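Asks: coordinates for the following, if possible.
(chains A, B, C and D)
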Protein chains: 2
Amino acid sequence: MPTLEKVARTNAGLAAELRVSVMRLRRRLVSERHPNNELSLSTMSALGMLYRRGELGLTELAQIERVQPPSMTRTVKWLAQEGLVTRRPHDTDRRQILVSLTDKGRDVVRADRASRDAWLSRRLADLTAEERAVLRQAAPLIERLAQGD
Amino acid sequence: MPTLEKVARTNAGLAAELRVSVMRLRRRLVSERHPNNELSLSTMSALGMLYRRGELGLTELAQIERVQPPSMTRTVKWLAQEGLVTRRPHDTDRRQILVSLTDKGRDVVRADRASRDAWLSRRLADLTAEERAVLRQAAPLIERLAQGD
DNA sequence: TATTGTTATACTCTATAACTATA
DNA sequence: TATAGTTATAGAGTATAACAATA
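Replies: Numbering: from 1, shown residues only, chains lettered A, B, ... in the order given. Modelled structure (predicted):
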């Protein structure tokens, strides 16, 4: 059997499997979030990115998070209302809005880290160490699949 | 350092990383779907499940797909209108609606398998064989995380 | 009473289009 | 002209609540 064809079919099969599992886990994550956590997954994702990367332009943040600028405008507006981020004009380019975490925002990220993944952490604890090791290797690969190009 | 604490922190970190990457890949998958494919990801997922499992009750299908019954009602209604599934009453329990693929539905699943994951397959082809092997191991684990409990 | 499925309704997230201000 | 961001609007996907039919 031709190797190329075999690889191609295998990739398509893997793609299908990965796509379905990713979709289902995402849906589960949405439904399993702790009710008293009022921050949506995408909001927390943006907050976490600001925590990791520091001050970012709004469009830059949108590109990293793979959403369109209007979506990020809304997210940032909400975060600012909650006092979790501040917006300030760029020093020299007055078109740009630079977004950064407030102390409260940083606290929320830190405090939330323990609790926000409680469900998934519990599920992970049920796996074997080997299985977790696989997922630890897989996570950055999945991230790379999502980014790029 | 206590092993338990170390493991717990590691699980939380892994949970966070996995959650974010899964979210981003899902968003990317939604945006990268071929425009001429009129079937949504969740619709294709339901169709694929019927392909694999055969005739299923509507609520059963909803449970497998991790959506609420009303959502599946809508999905199945649309699929029936498109002639991709048929609904028939259960032989003995007349409350139940059994859903199964039509020949056309089966054709769509088969024909779509090659093209629907084109983008992801291409991305996977850029990985090394070792990285794909990791994802091949990870996919069923992610599925297990999404299911269960 | 419990379960299966539907209808009605609303919410969340996201996108596109059109616009303003600045470069 | 091109880019950063906003506003207005719409669409997809999902949920909850209330209901009907059946077990």
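Asks: from residue B:93, how far out is whichever residue of chain A sits closest to DNA strand C?
Replies: Closest to DNA strand C within chain A is residue A:40: 2.4 Å, counting by CB to the nearest atom of the strand. Just so you know, the C-beta spots here come from the backbone N, C-alpha and C atoms, and that holds for glycine as well. Separation of residue A:40 from residue B:93 (CB to CB, to the nearest Å): 39 Å.
Asks: do the same with residue A:105
Replies: From residue A:105 to residue B:93 the distance is 53 Å (CB to CB).
Asks: thinking again about what came up before, check contacts around the residue of chain A closest to DNA strand C.
Replies: Residue A:40 makes contact with no residue, according to CB atoms under 8 Å, 6 or more residues apart in numbering or on different chains.
Asks: buried stuff in the longest helix seen in chain A?
Replies: Secondary structure of chain A per DSSP state H: the longest helix is helix A:3-32. By 16 or more other CB atoms under 10 Å in any protein chain shown, the buried positions in helix A:3-32 come out as A:11-12, A:14-29.
Asks: flag the shaky bits of chain A, pLDDT-wise.
Replies: A:1-9, A:33-38, A:116, A:149 (pLDDT under 70).
Asks: which stretches of it form strands?
Replies: Under the criterion DSSP state E, chain A contains strands at A:56-57, A:85-89, A:97-101.
Asks: let's have these in CSV, adding mean neighbour count.
Replies: Formatted as CSV, the strands of chain A follow (neighbours: other CB atoms under 10 Å in any protein chain shown):
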stretch, mean neighbour count
strand A:56-57, 20
strand A:85-89, 15
strand A:97-101, 19
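Asks: the ones you listed into JSON lines, with extra columns for distance to residue B:77?
Replies: Formatted as JSON lines, those follow (distance: least, CB to CB, whole Å):
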{"stretch": "strand A:56-57", "distance to residue B:77": "43"}
{"stretch": "strand A:85-89", "distance to residue B:77": "42"}
{"stretch": "strand A:97-101", "distance to residue B:77": "43"}
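Asks: check whether stretch A:46-56 contacts chain B.
Replies: Yes - Stretch A:46-56 comes into contact with chain B (CB under 8 Å from any CB of the partner chain), by way of residue A:48.
Asks: ditto for stretch A:57-73
Replies: Yes - using CB under 8 Å from any CB, stretch A:57-73 comes into contact with chain B via A:65-67.
Asks: so which bits of that stretch are buried?
Replies: In stretch A:57-73, counting by 16+ other CB under 10 Å, buried: A:57-58, A:60-62, A:64-67, A:72.
Asks: max pairwise distance over these: which two?
Replies: In the buried residues of stretch A:57-73, the most distant members under the criterion CB to CB are A:57 and A:66, with 15.5 Å between them.
Asks: nice, that's everything, thank you.
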